[in-house]
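K.L.:
fold the following, please.
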Amino acid sequence: MADICSDRPVAYFCAEYGLQAELPLYAGGLGVLAGDTVKEAADQNFPMVALGLLYRGVKAVQVLAADGSQTEADLEVDPVKLDFEHVYLPDSEEPLFVKIRLTQVDVWSRVWKRTVNQTTVYLLDTETDQNQPTERSVSRALYYGNEEELIKQQMVLGIGGVKLLKKMGITPFVYHINEGRPAFLIWQLIRHLMDTQKLSYEEAFTAAREKIVYTNHTLVREGNQTYDRQVLEKYSLYYAEKMGIGLEELLKPGVDPLSGKFDMTLFALNTARKASAVSQPHFQLSKSLWPEFNWVNITNGVHMPTWQDGEILAADKTNDSVWYIHQKKKAETVAAVVKRIGFGYNPDQLVMGWARRITGYKRLTAMIEDVNRLKTILTAANKPVMLLVAGKAHASDTQAKQSIQKLIKLMQTELKGQAIFIPNYDINVAQQLVKGVDVWLNTPVQGQEASGTSGMKALANGVLQLTVEDGWTAEVDWHDLGWTLDPLKVSESLYFRLEKDVVPMFYQRDENGVPQAWLARMKRSVSLADQYSTTRMLAEYQDILYEARFL
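P.N.:
Numbers count the residues shown, from 1 in each chain. So this is what the prediction gives:
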């Protein structure tokens, strides 16, 4: 088994990083996971460098009108004010710039860095004077633009990222592609091997592939980017010519034989020696869809110091301390909600939370299929339930925006007083909610949630799960821990579980006002949390994906 060390770190490539709420470098769970991975590597002093793009906050802010319709506003991003540092060439005062070719144009990237303990995140930024306006905008917006704009971004990330490492004198032990978008990096690795070791294209491809591992995070079509081959050919011709091969051969690893399109997931699978799934169900489904590839499973995890409340972790689990600390966290969450929207709610009632990126398969509107029945549950005189919802739709996702608007209209009418939508969901809101609700609701279409991590964060804080078994939740025995929902009748199942199990247990109290059966589940939840930490995940990356020792 080979060694990972400071001279040969893991080069971790991802299109987004959720490092903190104020940095618009993430769109959802993928970015938050990447941020958590960086933090975990920093905690362990694990040799890793991370590479991404510096986005400029285009459409980063969710704006909700009075009628619940979502639009987006830009967030002004000044890297200097956000404590990013310029990167300079080693042993030089000369700023580091990276140049890549896109069609007939050279595109330059300035390089910034953010250091988390000893772990460095390098971010490429095309907002620099060497570029024309069309090229300056390449890295401006996250996941927004037409096919050509997205191709440009991915090439800057993958090809530019490898060039950056070379200029910094960093020789990675392995290149870890977190989701398929950085996968063009193999072209630069191949070119380097052909130039320095005088290998043929086939030999260089094989050697480069051995240096790459890939984590897939979604099998949902919208999450797996495909491109019209003719569009991609414009951007690929230069690289094919430099390698002395035809476009057909260069693009072959990514061309879907059925559709004829260039599929980034297929490309990533064909250019990596090993692929990891992110939960057991995702692993099984991935193997059935792509049995010819070398799949392993490493279930996602979360960075516990970021997401688990320290008081909950330290609480005496032999008495009622966890319950009283949780009441304190609920009150803090009310205060945070008031600060954000101007009004709050009674924290003594049962509080149920649903918060995540909003897209169709996550089924936001499952909870309001029968509004009258839900209203009856929420407004019960002696056993009320408060519903908190937060989440953003992508700027181009009309269906998700319509779901938000439909829910907010009901919150303003039939559900008024017992349901609140918290706007502009971000890491700060997420941190508050996973500590300050009683129940975490998870309603995905079964088979489409590759992992999900929001529930892991809630679990770590003693918040009980009410969930469809998919992704990570399908790995857990929920008996005496939480409750499961029928994936085919999710709305009916939700109402039934609330009426018959969840609400009665929460309001069943002892002489001190403590729901002992509920508290027992809370304690079991907290005790399970370590199994879903990035500490465990990074160890499995090292052993299973990287196949290396950490010196």
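
K.L.:
if I pick G260, what's in contact with it?
P.N.:
R229 (Cβ atoms under 8 Å, 6 or more residues apart in numbering). Every residue, glycine included, has its C-beta placed from N, CA and C.

K.L.:
quick one: it from D228, how far?
P.N.:
G260 sits 9 Å away from D228, going by Cβ to Cβ, to the nearest Å.

K.L.:
T453 now?
P.N.:
T453 sits 33 Å away from D228, taking Cβ to Cβ as the criterion.

K.L.:
cool, K392 as well?
P.N.:
28 Å.

K.L.:
likewise F343?
P.N.:
In terms of Cβ to Cβ, F343 sits 49 Å off from D228.

K.L.:
likewise G145?
P.N.:
15 Å.

K.L.:
higher neighbour count, these two?
P.N.:
Each of G145 and D228 has its neighbours counted (other Cβ atoms under 10 Å); G145 has more, 17 against 13.

K.L.:
ignoring the adjacent residues along the chain, who's closest to the more buried one?
P.N.:
Excluding the flanking residues, the one nearest G145 by Cβ to Cβ, 6 or more residues apart in numbering is Q153, at 7.6 Å.

K.L.:
how about that neighbour, secondary structure?
P.N.:
helix (DSSP: H, G, I helix; E, B strand; the rest coil).

K.L.:
same question, D477
P.N.:
coil.

K.L.:
returning to that earlier point: residues in contact with the residue nearest to G145?
P.N.:
Contacts of Q153 (Cβ under 8 Å, 6+ apart): A15, L53, V138, S139, G145, R181.

K.L.:
quick one: the fourth one from I100, how far?
P.N.:
I take that to be S139. With distances taken as Cβ to Cβ, S139 is found 12 Å from I100.

K.L.:
joint contacts of these two?
P.N.:
Contacts common to S139 and I100, judged by Cβ under 8 Å, 6+ apart, are S109, V156.

K.L.:
quick one: name whatever helix or strand follows the strand or helix carrying S288.
P.N.:
Secondary structure from DSSP states H and E places S288 in helix 280-289. The helix or strand immediately downstream of helix 280-289 is strand 295-297, counting by DSSP H and E.

K.L.:
contacts for the next helix-or-strand element following that next one next, please.
P.N.:
Toward the C-terminus, strand 295-297 is succeeded by helix 304-307 as the next helix or strand (DSSP H and E). With contact meaning Cβ under 8 Å, 6+ apart, helix 304-307 is reached by 36, 39, 43, 313, 431, 434, 456-457, 460-461, 529-530, 533-535.

K.L.:
hmm, try it at 10 Å
P.N.:
18-20, 32, 35-36, 39-40, 43, 310, 313, 427, 430-431, 434-435, 453-454, 456-461, 529-530, 532-535 (Cβ atoms under 10 Å, 6 or more residues apart in numbering).

K.L.:
and it, which residues are buried?
P.N.:
Of all the residues in helix 304-307, those buried under the rule 16 or more other Cβ atoms under 10 Å are M304, T306, W307.

K.L.:
also stretch 180-198?
P.N.:
180-194.

K.L.:
next: stretch 368-387.
P.N.:
I368, R373, L374, K375, I377, L378, T379, A380, P384, V385, M386, L387.

K.L.:
can you report how many residues lie near T443?
P.N.:
24.

K.L.:
quick one, what contacts it?
P.N.:
354, 356, 361-367, 449, 466-468, 470, 485, 487, 490-491, 493-494 are the contacts of T443 under Cβ under 10 Å, 6+ apart.

K.L.:
do the same with V105
P.N.:
By Cβ under 10 Å, 6+ apart, the contact list for V105 reads N131, Q132, T134, E135, K152.

K.L.:
can you tell me which of those residues has the most neighbours?
P.N.:
That'd be K152 among those, by other Cβ under 10 Å, with 23 neighbours.

K.L.:
SS state for the nearest residue to that one once chain neighbours are set aside?
P.N.:
Spatial nearest neighbour of K152, excluding adjacent residues (Cβ to Cβ, 6+ apart): V138 at 4.8 Å. Secondary structure for V138, judged by three-state DSSP, is coil.

K.L.:
report the mean per-residue pLDDT for stretch 261-275.
P.N.:
The average of the pLDDT scores along stretch 261-275 is 97.

K.L.:
would you work out how far apart the start and end of it are?
P.N.:
Across stretch 261-275, the straight-line distance between its terminal residues is 21 Å, by Cα to Cα, to the nearest Å.

K.L.:
and stretch 366-373, by the same measure?
P.N.:
End-to-end distance (Cα to Cα), stretch 366-373: 13 Å.

K.L.:
remind me, longest strand of the protein?
P.N.:
Taking DSSP state E as the criterion, the chain has its longest strand at strand 105-116.

K.L.:
mind giving me the packing neighbours of the helix or strand following that strand?
P.N.:
Sequence order places strand 119-125 as the next helix or strand after strand 105-116, per DSSP H and E. When contacts are defined as 3 or more Cβ pairs under 10 Å, 6 or more residues apart in numbering; DSSP states H and E, strand 119-125 packs onto strand 10-14, helix 29-44, strand 48-53, strand 97-102, strand 105-116, helix 147-167.
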